[in-house]
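Engineer: Give the three-dimensional model of this entry:
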Amino acid sequence: MVGIYFSGTGNSKYAAELFCKEYDKESGAYSIEDTEALAAVADADLIVFAYPVQFSTVPKIMRDYISDHSELWKNKKVFIIATMGLFSGDGSGMLGRLLQCYGAEVIGGLHLKMPDSIADEKALKRPLEKNRKLVKQAEQKIKESVKRLKAGDPTQEGIGALYRLAGFFGQRAYFGHKTGRYSSKLKVDTDKCIGCGLCKKLCPMKNITIKEHKAVSGDRCTMCYRCINKCPRQALTLLGKKVVEQCGIEKYI
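Structural biologist: I've put the predicted structure just below:
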C-alpha cells in the first residue's frame, strides 16, 4: 500500500498517514508535490488517496495530477479518503470516477469530517474542543475502516448513486463550477503584507510572487488556503473579506 494525498492545512495528510500506518507500519504516504510519489505509485498494487473536498468535488490541482499521470492508474486498486469541513455527498466517488476513467479499480471510500480550513468565513467556525473531538472521531473511523479493508469488506462511503445525487444537489450543481478552473480571487491586503515570502513558499501552484516587498497573486489559485492560514499578518483572503481564524491540523492533535 502507498498513500497519495493533497493537503491544504494538513487534514488529508494526517488522514492518509494514519490510514497507511494502521494498515501496515512499513507503508508510507506522499504528497502529490513530492517527487518520489510517482515512483512509489508505480511499485504499489493498492493506493490510498486522500484529498480535501471543495464544493462536493475535487480540487483542480488534484484532478490535473490524476490526468497528467493517467498511465499510472491502470489496473491499480484504489481506496479514497475525502476530508471535509461540513458535507461532500460523493466526495470519494468523484475522485473514484476520474480514476476509473484511467483503468483503476475503486474498492472503497471513506468520508471524514474534519476542522474546516476556510479561515475567512465566520459561519464555518467551531470551538477548539469541537474541532479536537472531530479529529478524534476521524481517527476512530480510520481505524475501523482499516479493519474492514483488511477483512475484505472495505467501507463504501461516497460510492454509489445515492451519494452522487446528494453531492450534486447538495453543492455541486450550484458551486461546482468554482473548481472547474484555477481561481484569480486571492486577495492581498497591501497595508498588512510585509513581503515575508512565506505565502510564496507555501503555494503549491507557484501562484504568488513578491514584488516591491509585497505579495502579488496570479490566476492559478487552487483554493487550498495554505497561505491564508499561515500568513503572519493575516493579509490574505479568498472567499471572505477578512481572516476570522487561522486553522491547521497541528492545533487539534
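Engineer: The stretch 151-253 of the chain: strands as residue ranges?
Structural biologist: For the stretch 151-253 of the chain, applying DSSP state E, counting those that start in this stretch gives strands covering 187-188, 208-211, 214-217, 236-237.
Engineer: Make a markdown table out of the ones you listed and add mean neighbour count and mean pLDDT.
Structural biologist: (Each C-beta comes from the backbone N, C-alpha and C, glycine too.) Putting the strands of the stretch 151-253 of the chain into a markdown table (neighbours: other Cβ atoms under 10 Å; pLDDT from 0 to 100) gives the following:
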| stretch | mean neighbour count | mean pLDDT |
| --- | --- | --- |
| strand 187-188 | 16 | 98 |
| strand 208-211 | 14 | 97 |
| strand 214-217 | 20 | 98 |
| strand 236-237 | 22 | 98 |
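Engineer: Distance to E121 added to these, as JSON lines?
Structural biologist: Below are the strands of the stretch 151-253 of the chain laid out as JSON lines (distance: least, Cβ to Cβ, whole Å):
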{"stretch": "strand 187-188", "distance to E121": "14"}
{"stretch": "strand 208-211", "distance to E121": "21"}
{"stretch": "strand 214-217", "distance to E121": "19"}
{"stretch": "strand 236-237", "distance to E121": "10"}
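Engineer: for those strands, which one sits closest to K143?
Structural biologist: strand 236-237 (35.8 Å; Cβ to Cβ).
Engineer: Direction included, what does that closest one pair up with?
Structural biologist: Using DSSP bridges, the strands paired with strand 236-237 are strand 187-188 (antiparallel).
Engineer: circling back: out of the strands of the stretch 151-253 of the chain, which gets nearest to E250?
Structural biologist: Of the strands of the stretch 151-253 of the chain, nearest to E250 by Cβ to Cβ is strand 236-237, at 19.2 Å.
Engineer: hmm, back to that, go through the strands of the stretch 151-253 of the chain and name the closest to V48.
Structural biologist: strand 208-211 (30.1 Å).
Engineer: other SSEs contacting the closest one?
Structural biologist: Packing partners of strand 208-211 (3 or more Cβ pairs under 8 Å, 6 or more residues apart in numbering; DSSP states H and E): helix 198-202, strand 214-217.
Engineer: thinking again about what came up before, compare the strands of the stretch 151-253 of the chain and give me the one nearest P115.
Structural biologist: Nearest of those to P115, taken as Cβ to Cβ: strand 236-237 at 18.8 Å.
Engineer: now H111, nearest residue through space, not along the chain?
Structural biologist: Nearest residue to H111 in three dimensions, chain neighbours excluded: E157, at 4.4 Å (Cβ to Cβ, 6 or more residues apart in numbering).
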